[in-house]
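Undergrad: Give me the fold of what follows.
(2 chains)
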Amino acid sequence: MRTGSATGRTGSRYWRSKTAYLGVLPFLIFSGLFLLYPTWNVISGSVKDTHNKFSTTVLKEVFNSPVARHAFANSLELSAKTAIVGAILGGLFAWAIVTGKPGGVFYKVSVALSSVLAQFGGVMLTFAFLATFGFNGLISSLAVKFLPNTFLADSTWLYGMNGLSVLYTFFQIPLMVLVFLPTLENLKPQWREASDALGGKAHEYWLRIGIPILTPSFAGAALLLFVNSFSAYATANTLINLSDFLTPLEIATALTSETGGSNPAEAKSLSLFMVIVVVIVMGLYALLRRNVSKWEQKR
Amino acid sequence: MKQSLGVRLWRWTIIFVVALYLLVPLYAMFDFSTKPFSYADKGRTFRAWTMIASQPDLVPAITRSLITAAIVMALILFLIVPTAIWVHLKLPALRRPFELLCLLPLAIPAIVIVVGIAPLYRWISININESPITLAGVYSMLILPYTYRSLSAALDAVDIHTLAEAATTLGATISRVIFGIIMPTIKTGIVNGSFIAIALVLGEYTISNILNFKTFQVVIAQIGRTNGNVAVAVSLASLLFVIFLLLIIPTKKRQGTVLDVDVA
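TA: Numbering: from 1, shown residues only, chains lettered A, B, ... in the order given. Here you go, the predicted model:
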């Protein structure tokens, strides 16, 4: 809210009228069909029993189930780890991109590569890492030759929490680059110039100006990464065959089980708990954004 | 501005580490795809790559995915971006609800959206027809958080109110203000958002698989079940193809330079 539209600094009466609300109608209808309706379908379904009556039995069952709790803890741990590592590496890489030549080859290639790899999940990502660290993979066969006693030589680490963390970080880094790059590009060069002109050193600029300015946006981006891996499904599904390891896997099993164990109510309850976590995270995100706005209005 | 040695050292260390992380698995895919996969082969072979052309399902799947991507792009350009600008410009009271709505897809795992949308999808494919439009609709909602993030970052950086009022004073209509004035100034945001859209559509598996839509990824997974080397070759080829596609899309001068003065 840099331009202070809410405070009406530049927005005049001319731009506000009741008919303006009609402008969002097409989008509202569209998102109602493809987003709000499915969401409502799932949430309302989680508190209904098989006869369409209100009931919280399934919800309680899921909450008290040790299997569900374990999967939930795994999901949280994995998301937190990969969000932090991904945000730091991706943020640093975004900085390396903006300090390069604007619009140069490196910039273009990095952005293009990032946008592809950020969505590079599922079957293809699993292929890539099996070819790298899996049995007879590129790195693991090298490790067997030269470092036979390290964990790299034995590819079992890939099929668990550690392996998933490495795979998830692979798409978290480029996503961070995409999300954080616009913020870094909007850092005003004048601030750096002012700091330099007043005798500030490089580390003083980063410590007192750069990092405080970027912290809310950085944390916001990290929260987005957290949610991104929290709801990721395809990669985990193709890498490990444990249906109870992560909550999304558990949901998918409950929904699509072909052995007759299909249980949509359980799936909907599980997703409700996921939604609750994400809503909390998003609330934090909104708070951060408000701080960004406040700071910008003060300026 | 000349960079100091320390900055350059840091920069290249970071680039090296991240590039290693991102590129080694891609090289490993290449390595794997050229491994011999039958007794007739000796040493390295490109047979997996030449077999790509003879996969019958591949071309229709790619066409289907690209059509879907085109529809998603059109939805971004003519529905999502104008609405975002409209809200920023005219309805500041709706900014918070709009942001929440845009971030909502993050809260709903893709697999859950599929379950929620299944009845609607069934209705559309029975009563209208089985077109990629439903799929594109779901996809455009899935990418909404990312599109919104890059759009709002770009919109925040530019004083669109001054721009819009100046344009209106000079006699521009509202559609010209949105499509001719504001959209060009937030090009980086739009281009970033569209990049993500293309990549998502070509990389999405969960939803199209469950809705029984033979998109690119679904077909790759199919091939992977019968011939791993070919599947890895196709995956790598598609990655390179998408990166190439994104590279030839022209990116013009970055935003910010035009309007630096009056925002600061």
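Undergrad: show me where chain A has helices.
TA: Secondary structure of chain A, counting by DSSP state H: helices at A:25-31, A:37-46, A:57-64, A:66-98, A:105-117, A:122-133, A:138-146, A:161-185, A:189-197, A:202-205, A:211-230, A:234-239, A:247-256, A:264-298.
Undergrad: pLDDT score for B:L170?
TA: pLDDT, B:L170: 90.
Undergrad: Please report how far it lies from chain A.
TA: 14 Å (Cβ to the nearest Cβ, to the nearest Å). Placement of C-beta: from N, CA and C, glycine included.
Undergrad: That residue: how many residues sit nearby?
TA: By other Cβ atoms under 10 Å in any protein chain shown, 9 other residues sit near B:L170.
Undergrad: OK, contacts around residue 155?
TA: Going with chain A. Going by Cβ atoms under 8 Å, 6 or more residues apart in numbering or on different chains, A:S155 touches A:F133, A:G134, A:F135, A:G137, A:S140.
Undergrad: wrong one, I was asking about chain B
TA: B:L155 makes contact with B:A84, B:I85, B:H88, B:I186, B:G189 under the criterion Cβ under 8 Å, 6+ apart.
Undergrad: got a winner among those residues for most neighbours?
TA: Ranking those using other Cβ under 10 Å puts B:A84 first, with 29 neighbours.
Undergrad: Low-confidence ranges, the stretch 51-200 of chain A, go.
TA: Counting by pLDDT under 70, the low-confidence segments of the stretch 51-200 of chain A come to A:51.
Undergrad: again, only using 90
TA: A:51-71, A:95-164, A:175, A:178-200 (pLDDT under 90).
Undergrad: In space, what's closest to residue 196 - neighbours in sequence excluded?
TA: Here I'm looking at chain A. A:Y205 (7.4 Å; Cβ to Cβ, 6 or more residues apart in numbering or on different chains).
Undergrad: right idea, wrong chain: chain B
TA: B:Y146 (4.6 Å).
Undergrad: ok, back up a step: let's have the helices of chain A in JSON lines, adding distance to B:I108 and mean neighbour count.
TA: Below are the helices of chain A laid out as JSON lines (distance: least, Cβ to Cβ, whole Å; neighbours: other Cβ atoms under 10 Å in any protein chain shown):
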{"stretch": "helix A:25-31", "distance to B:I108": "12", "mean neighbour count": "16"}
{"stretch": "helix A:37-46", "distance to B:I108": "6", "mean neighbour count": "18"}
{"stretch": "helix A:57-64", "distance to B:I108": "17", "mean neighbour count": "15"}
{"stretch": "helix A:66-98", "distance to B:I108": "15", "mean neighbour count": "20"}
{"stretch": "helix A:105-117", "distance to B:I108": "22", "mean neighbour count": "21"}
{"stretch": "helix A:122-133", "distance to B:I108": "18", "mean neighbour count": "25"}
{"stretch": "helix A:138-146", "distance to B:I108": "36", "mean neighbour count": "16"}
{"stretch": "helix A:161-185", "distance to B:I108": "18", "mean neighbour count": "24"}
{"stretch": "helix A:189-197", "distance to B:I108": "39", "mean neighbour count": "13"}
{"stretch": "helix A:202-205", "distance to B:I108": "41", "mean neighbour count": "14"}
{"stretch": "helix A:211-230", "distance to B:I108": "10", "mean neighbour count": "21"}
{"stretch": "helix A:234-239", "distance to B:I108": "15", "mean neighbour count": "23"}
{"stretch": "helix A:247-256", "distance to B:I108": "11", "mean neighbour count": "23"}
{"stretch": "helix A:264-298", "distance to B:I108": "7", "mean neighbour count": "18"}
